[in-house]
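A.B. asks: Would you be able to build a 3D model of this:
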Amino acid sequence: MKPFLWMSLLALAAPVSSARAEVLVEGIVDVLVDGGNTYNWQMVTLPGTKCGNGSQYKFYVHRTASPNLLFMMEGGGACWDYDSCSGRTGILGAANPNGIPDDYMTQFTAKYVSPIVNGADPGLPFRDRKDIVTKDWNIVYLPYCTGDVHIGNNVKTYTDSTGANPPLTWYHSGYTNTIAAANYAKQNFPSVQKLLVTGYSAGGTSTSSGYYFIRKAINPARGYLLNDSGPVFMAPSMNSLSRPLHDKIRSSWNLDSVFGLLPASFNINDLGTINRMVATEFPNDQLAYTGYTLDYNYSRYSYERFKTPNDQASIHAYWKQDQDALVAELNKYNNFSYFIPHQRAINASHCSTIITFVGAHACQRMEKKYWYEYASSPWQSYACHSEFVPMDVFLSRFINGNQRVRIYEPANNYNNEDAGMGILAPLINGALGG
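C.D. replies: Numbers count the residues shown, from 1 in each chain. Okay, here's the model as predicted:
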């Protein structure tokens, strides 16, 4: 990128109104990410599939000559009451509560949000666009409109506690939609070599929760699971930190009707055993979790409405405890990788595979600098004293190399001290609406 663009970004980093940010920042992000994808998408509608409001569910397919298939599950919140399903709670509620428009794939989320979909980590000022492992793959893209992490199986009536609106009938039909899309993929891509099932946030949760069904339907030569920031934490007892959330969604979404179909390696009384189940049922597949330790988005879903105290520091402490337990669990299985950076200011440290891979790097020994290391970058007080692994390198090793990669980065301030991130993050956050 040319210097004049970098200067323009500096000028645009000043605070703007949310309405102006919607237009202004989306235009800048269009430049930042080289225009997003411009694929030819085929819209698919299948009988019996629905969005939460009862409208027709739509998913989208991009066809190439590749033998490989990306099955992408979109993220965007969750819901289990009137406020969160109706859209009243905004970003912390269900995505697309009014359904999916026909031109969905030209809109911001689908066009820009995932380098994995676009097959490239986008170019930025002084940084070239870089092709990644999923370049030119076939894609089945599942928008998210059911509020149930693509796996619910229930019709619920939610009452407005304020009495201002009539009851809301909501179709948690994620499971039906997902299975229909997976069966369609099998019919249209009958000989898949590599299948990558992935998603971010709620789509990350659905990646783990739905992988058994999707992989069984498509039956590829090799399977890969990448859950970005939608962890299904361990919750073996009533006192487990994530148990209240699990109990709530298990009831609202009628998860027993879905998870009752899973093998005995899954224990329906501990949803976190979904990790053990996929690892043991598919021992030759490569499985992975990625996400930030200082996530302050999904972590709020997990604890804010269920725990006290629920201030930011407490929520981060709960998250770290659950994340440590998850890592200990994943360490039991030879085919499970994890890639856990500490923090980046984009999207409240939520999701490491969205928009750009800038700041999506991990270092097992990110440590305070020695005195003699300040000369080259005096603004940074941290340095990587082991291998510095960017997300694109992780993906290449994980998918092309079939390698197990395990990096759990310690607490550090590396990204916060990056001047470029200080400019880039507000722009992207404005486009994301937060």
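
A.B. asks: Please count neighbours and contacts with C-alpha atoms only from this point.
C.D. replies: Noted.

A.B. asks: Enumerate the helices of the stretch 251-400 of the chain by residue range, in sequence order.
C.D. replies: Ranges of helices in the stretch 251-400 of the chain, per DSSP state H, counting those that start in this stretch, are 256-259, 274-281, 298-303, 312-330, 391-395.

A.B. asks: swap that for the stretch 51-200 of the chain, please
C.D. replies: Per DSSP H, counting those that start in this stretch, the stretch 51-200 of the chain carries helices over the ranges 82-86, 108-112, 115-118, 174-188.

A.B. asks: How far away from the center of its chain is the first one?
C.D. replies: On the basis of C-alpha atoms, centre = their mean, to the nearest Å, helix 82-86 is displaced by 21 Å from the centre of the chain it belongs to.

A.B. asks: and what of the shortest one?
C.D. replies: The offset between the C-alpha centroid of helix 115-118 and the centroid of the whole chain comes to 12 Å, using C-alpha atoms, centre = their mean.

A.B. asks: Pull out the CA atoms of it and give them to me as CSV.
C.D. replies: This file holds the C-alpha atoms of helix 115-118, laid out as CSV (Å, rounded to 0.1, in the frame of the first residue of the first chain):
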residue,chain,number,x,y,z
PRO,A,115,-9.8,-14.6,5.2
ILE,A,116,-10.4,-18.3,5.3
VAL,A,117,-13.4,-17.8,3.0
ASN,A,118,-11.5,-15.3,0.8
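
A.B. asks: Can you list the neighbours in contact with it?
C.D. replies: Residues outside helix 115-118 that contact it (C-alpha atoms under 8 Å, 6 or more residues apart in numbering) are 36-37, 70, 72, 112, 121-122, 132, 134-135, 139, 353-357.

A.B. asks: and of the residues you listed, the nearest to Pro220?
C.D. replies: Leu70 (11.4 Å; C-alpha to C-alpha).

A.B. asks: Now do that closest one against Gln193, distance only.
C.D. replies: Leu70 sits 11 Å away from Gln193, going by C-alpha to C-alpha, to the nearest Å.

A.B. asks: Looking at the two, which is more packed in?
C.D. replies: More crowded of Leu70 and Gln193, by other C-alpha atoms under 10 Å: Leu70, with 22 against 16.

A.B. asks: List only those of the contacts of helix 115-118 flagged as buried.
C.D. replies: 36-37, 70, 72, 112, 121-122, 132, 134, 139, 353-357 (16 or more other C-alpha atoms under 10 Å).

A.B. asks: Let me know the closest of these to Gly147.
C.D. replies: Of the buried ones among the contacts of helix 115-118, the one sitting nearest to Gly147 (C-alpha to C-alpha) turns out to be Met72, at 16.3 Å.

A.B. asks: about what we covered before: tabulate the helices of the stretch 51-200 of the chain (TSV), appending mean pLDDT and distance to Ile428.
C.D. replies: Listed next are the helices of the stretch 51-200 of the chain as TSV, based on pLDDT from 0 to 100; distance: least, C-alpha to C-alpha, whole Å:
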stretch	mean pLDDT	distance to Ile428
helix 82-86	92	24
helix 108-112	87	11
helix 115-118	96	14
helix 174-188	98	29
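
A.B. asks: Comparing those helices, which comes out most buried?
C.D. replies: Compared across these, helix 115-118 shows the largest average neighbour count, a mean of 26 (mean count of other C-alpha atoms under 10 Å).

A.B. asks: before we move on, back to that, of all the helices of the stretch 51-200 of the chain, which one is nearest Tyr303?
C.D. replies: Using C-alpha to C-alpha, the nearest of the helices of the stretch 51-200 of the chain to Tyr303 is helix 82-86, at 15.4 Å.

A.B. asks: Give the other helices and strands that the closest one contacts.
C.D. replies: If you count contacts as 3 or more C-alpha pairs under 8 Å, 6 or more residues apart in numbering; DSSP states H and E, helix 82-86 packs onto strand 168-172.
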